[in-house]
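Novice: Fold the stuff below for me.
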Amino acid sequence: MTLLESLKQYTVVVADTGDIEAIAKHKPQDATTNPSLLLKAAQMPQYRGLVDRAIEHATSIAGDKTTRVAAFMDQLSVDFGCEILKLIPGRVSTEVDAGLSFDTDGSISKARELIARYAKAGIDRQRILIKLGSTWEGIKAAELLEKEGIHCNLTLLFSFAQAVACAEAHVTLISPFVGRIYDYYVKERGVKEIASEEDPGVASVERIYTYYKKFDYKTEVMGASFRKAEQVMRLCGSDLLTISPDILATLAATEGTLVRRLDPVAAKKADLQQIHLAEKDFRFMHNQDPMAVDKLSDGIRKFYADGRKLATFAETLMR
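Specialist: This next block holds a predicted model:
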């Protein structure tokens, strides 16, 4: 048995990539994309057909350059999602533009547009997760979307406050960013690496998972943004883990078995107090975590920047 096969006994494995060939190779249950991954994939020769189709759609509609670029990005996201869904039995996550991270109404509108595009392509909404940043505004957008039957994946999640608010909003899934938390503390402590058993990114997911299972929240926990295979192995038993192709390849090439480290039965025994967060409580609690404040802001900026690069790429092709 390989480590990847062993992991799949306890955890749903998700491919963190826009590379369709990598998804076909590793056969995950679900897949996630984001502007950074789509930008990378869109520049690969093998996906030029998807890019051309999105360009054809964008240039066929009425409107100014901004409208057409937005149409290109939405169509490309959906077309990649549709191709990915041909290869997996589960769901694909499609991200709302990071420029809407503090716009609840705008996020809701964009989510509905994406779901409508998938519906036009014949894809049931049960196979789609709309990705939103875990700002207060993004969480409130997700809360309303979930009531409409549009399921959401709350990304860029770094603080316990974000996790609690997402659970109380009844979102389908959250993506705590293990690797980016790890990066912050490596830099903060002035070290080259942190041992897996002391990894603050791993500890963050362990804490959230235990809290969710203790109090019977239905929101799924999907650890994300891994830097090394050991982080994945430490979180064996998480509801889901979204893993890059290089780490998937490492796990698939290594013989061994994993011990389940996250267990709902053990979580039930944890001595924890349940908390509830109004907006003012959420903002204060999140603000008390300097790492989370820094990484959430940085993540939004990076996803927004990559979205603009993708937009520039589209503008160049439409000239």
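
Novice: Could you use CA atoms for every contact and neighbour count after this?
Specialist: Will do.

Novice: Counting neighbours, what do you get for the spatially closest residue to Ile84 that is not a sequence neighbour?
Specialist: Here the nearest residue to Ile84 in space, its sequence neighbours aside, is Ile20; by Cα to Cα, 6 or more residues apart in numbering that works out to 6.0 Å. Residue crowding around Ile20 was assessed by other Cα atoms under 10 Å; the count is 20.

Novice: Beyond the helix or strand of the chain with the lowest mean pLDDT, next helix or strand please.
Specialist: Ranked by mean pLDDT, DSSP states H and E, the helix or strand of the chain with the weakest confidence is helix 35-42, at a mean of 82. Elements were assigned by DSSP states H and E; along the chain past helix 35-42, the next helix or strand is helix 48-60.

Novice: Check which residues of that following helix are buried.
Specialist: Applying a neighbour-count criterion of 16 or more other Cα atoms under 10 Å, the buried positions in helix 48-60 are 50-52, 54-55, 58-59.

Novice: Also stretch 220-236?
Specialist: Within stretch 220-236, the residues scored as buried using 16+ other Cα under 10 Å are 220-227, 229, 231-236.

Novice: So which elements touch the least confident helix or strand of the chain?
Specialist: Using 3 or more Cα pairs under 8 Å, 6 or more residues apart in numbering; DSSP states H and E as the contact criterion, the secondary-structure elements in contact with helix 35-42 are helix 48-60, helix 290-318.

Novice: a markdown table for those helices, including distance to Val171 and mean pLDDT?
Specialist: Conversion of those to a markdown table gives the following (distance: least, Cα to Cα, whole Å; pLDDT from 0 to 100):
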| stretch | distance to Val171 | mean pLDDT |
| --- | --- | --- |
| helix 48-60 | 30 | 90 |
| helix 290-318 | 19 | 92 |
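
Novice: which other residues reach stretch 283-293?
Specialist: Stretch 283-293 is touched from outside by 136, 157-162, 181, 184, with contacts defined as Cα atoms under 8 Å, 6 or more residues apart in numbering.
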